[in-house]
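Enquirer: Requesting a structural model of the entry that follows:
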Amino acid sequence: REIHKLRGKIVLLQSFAPSSDEMIQASRMLSNHMPDVQMTYTIKTDGDAPNSDPSSNARQFATLPDALAALARTNARTVLVDFENGPIRNQGDLLKLLEVARCPVIVFGPSNLPTLLEHNTQIPPNTSVTSDG
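Expert: Predicted coordinates:
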């Protein structure tokens with residue numbers, strides 16, 4: 001996608017369950033402790049009551065597809081998600097997230113998902129010849 005002149009947002013994609021400490025710490029480090037750079041996308045589940053006073057950098061969505069649609073329109077620099085607390089819980093959801101994010105996605109928490117991506121970057125050896133002349 002086209003590169004913006006403005007730096008993108010750090011997006012935390014989460015359910016109403018609290019995010020892991022590691023994810024929160026990473027988001028703070030990535031945003032350089034600037035709260036306006038960080039956004040939280042929260043997906044509501046059946047038993048959750050909506051937050052009546054969300055902050056200006058927090059958005060709530062009824063479904064994961066709604067959140068992913070909004071993420072596709074967001075200038076995101078990095079997306080952070082926690083497998084242990086949701087909302088991404090299976091391979092299909094992760095693939096959809098990777099497709100719409102178009103930026104690095106950092107995954108926290110244990111996962112039973114099979115390996116989705118394999119290491120496929122190869123760096124050829126340096127074959128340039130130098131002369132001692």
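Enquirer: Show me what the host helix or strand of Thr78 is packed against.
Expert: Element membership for Thr78 (DSSP states H and E) is strand 76-82. The contact analysis (3 or more CB pairs under 8 Å, 6 or more residues apart in numbering; DSSP states H and E) places strand 76-82 against strand 9-15, helix 21-30, helix 91-101, strand 105-108. Bear in mind the C-beta positions are built from the backbone N, C-alpha and C, glycine included.
Enquirer: ok, the first one: who's next to it in the sheet?
Expert: In this case it means strand 9-15. Within its sheet, strand 9-15 is paired with strand 38-43 (parallel), strand 76-82 (parallel), according to DSSP bridges.
Enquirer: Please pull out the lowest mean pLDDT helix or strand from the protein.
Expert: helix 21-30 (a mean of 84; mean pLDDT, DSSP states H and E).
Enquirer: mind listing what's buried in it?
Expert: Neighbour counts over helix 21-30 (16 or more other CB atoms under 10 Å) mark 23-24, 26-27, 30 as buried.
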